[in-house]
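> need a structure here:
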Amino acid sequence: MCTTCGCGAGEVKIDGEHAHHEHDHVHADGTTHKHDHDHDHDHEHAAAAAHEHPHAHAHPHSYAPAHSHAPGVSTKRMVQIEQDILSKNNAYAAENRQHLVERGIFALNLVSSPGSGKTTLLVKTIEMLEGRQHVAVIEGDQQTSQDAERIRATGAPAIQINTGKGCHLDAHMVGRAMGKLELTEDSLLMIENVGNLVCPAAFDLGEAHKVVILSVTEGEDKPIKYPDMFRAATLMLMNKCDLLPHLTFSVPRAIEFARRVNPAIEVIEVSATTGQGMDAWLAWLECGAAAAAASKLVTVDALKRRIAELEARLPQGS
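Okay, here's the model as predicted:
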């Protein structure tokens with residue numbers, strides 16, 4: 001069960017193959033034990049039937065009483081369980097990040113609520129980057145491989161992770177998928193997370209940035225209703241802007257709400273249908289990819305210098 005919202009940790013598959021899934025079961029006395037499912041790869045997912053959290057409100061002094069998904073488990077114990085789960089995830093994320101940095105791969109975690117148009121936007125992005133940037137995609141959904149098939153139709157390599165009842169991707173799932181994709185150096189990796197504005201905010205996947213997609217068909221108050229996600233994101237793509245003439249959605253108000261929770265967040269207004277804002281989005285991607293490639297060179301050069309320094313200290317042969 002997810003530590004953030006308490007959803008069940010379902011059967012995980014990576015491109016149709018069963019994935020070894022390990023659950024933490026929490027008992028009423030606060031003790032835990034692990035239960036393994038026999039699948040193809042190791043993956044620890046929080047089945048902590050325990051999470052205690054305050055309801056989020058826009059007003060800083062307005063809080064609802066905290067509630068527990070595991071009656072009988074103390075707040076201290078539940079906090080410890082959640083910290084342990086996130087700590088394990090962060091260790092996997094650090095491994096992913098090192099792998100990506102060493103290869104100059106610019107990785108983004110695309111997050112949104114369901115129906116925001118992530119996949120359509122991603123398809124349009126890949127098509128426009130053809131011949132300019134190599135792109136690979138990891139698709140996260142609870143069920144089906146439809147999104148990965150849409151991506152593959154563009155010619156880009158893609159792998160599907162089905163999380164079952166799980167509400168988000170985690171770093172170990174992504175690490176396994178990265179290995180199957182055989183990523184190209186100096187490339188772009190797009191991770192399309194499960195549609196959810198709650199759970200993915202807490203889980204680092206090893207990405208360079210989280211990019212949150214907000215559709216204008218949603219309420220402009222989403223940033224203050226789901227502040228953790230918008231606070232964690234570097235960029236907000238305001239999608240489906242071609243529909244604005246038919247809606248009462250206020251773009252300035254949505255931006256004001258987003259910057260209320262994250263003053264540094266960047267905003268690009270886009271439409272995959274008309275192409276509005278796509279050049280700005282592609283320029284942002286190419287700038288990030290160039291920085292990732294340059295960072296790899298710096299890392300390689302530093303490693304070479306360190307090796308030369310160590311070799312210089314070795315005793316010289318007679």
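
> all strands in the chain, in order from the N-terminus.
With strands called from DSSP state E, the chain shows them at 13-14, 17-18, 21-26, 32-37, 44-45, 52-53, 67-68, 106-112, 135-141, 158-162, 188-192, 209-215, 235-239, 266-269.

> wait, His99 sits on Gly179?
No - in this structure His99 lies outside contact range of Gly179 using Cβ atoms under 8 Å: 9.1 Å. Where C-beta positions appear, they are placed from N, C-alpha and C, glycine not excepted.

> Those two: which has the busier surroundings?
His99 (16 against 13; other Cβ atoms under 10 Å).

> contacting residues around the more buried one?
With contact set as Cβ atoms under 8 Å, 6 or more residues apart in numbering, His99 has these partners: 175, 178, 206.

> ok, now with 10 Å
Contacts of His99 were listed using Cβ atoms under 10 Å, 6 or more residues apart in numbering, and they are 105, 107, 175, 178-179, 183, 206.

> Any buried residues in stretch 135-149, and which?
In terms of neighbour count (16 or more other Cβ atoms under 10 Å), stretch 135-149 has its buried residues at 135-142, 145, 147-148.

> swap in stretch 270-287?
270-272, 276-278, 281-282, 284-285.

> ditto for stretch 220-238
220, 222-224, 226-238.

> now swap in stretch 177-190 and tell me
177-178, 181, 183, 186-190.

> how about those residues in JSON lines, adding distance to Val79 and pLDDT?
Below are the buried residues of stretch 177-190 laid out as JSON lines (distance: Cβ to Cβ, whole Å; pLDDT from 0 to 100):
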{"residue": "Ala177", "distance to Val79": "30", "pLDDT": "95"}
{"residue": "Met178", "distance to Val79": "31", "pLDDT": "96"}
{"residue": "Leu181", "distance to Val79": "36", "pLDDT": "93"}
{"residue": "Leu183", "distance to Val79": "36", "pLDDT": "93"}
{"residue": "Asp186", "distance to Val79": "41", "pLDDT": "95"}
{"residue": "Ser187", "distance to Val79": "39", "pLDDT": "97"}
{"residue": "Leu188", "distance to Val79": "37", "pLDDT": "98"}
{"residue": "Leu189", "distance to Val79": "33", "pLDDT": "98"}
{"residue": "Met190", "distance to Val79": "33", "pLDDT": "98"}
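
> Among those residues, which one lies nearest to Leu169?
Ala177 (8.7 Å; Cβ to Cβ).

> What residues does that closest one make contact with?
Per Cβ under 10 Å, 6+ apart, neighbours of Ala177: 14-15, 19, 41, 96, 136-140, 158-161, 169, 183, 189, 191.

> related to what we said a few turns ago, format the buried residues of stretch 135-149 as TSV; extra columns: pLDDT.
Formatted as TSV, the buried residues of stretch 135-149 follow (pLDDT from 0 to 100):
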residue	pLDDT
Val135	97
Ala136	97
Val137	97
Ile138	96
Glu139	93
Gly140	91
Asp141	83
Gln142	82
Ser145	82
Asp147	87
Ala148	91
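
> with those in mind, which one is nearest to Ala291?
The closest of those, once distances to Ala291 are taken by Cβ to Cβ, is Val135, at 16.5 Å.
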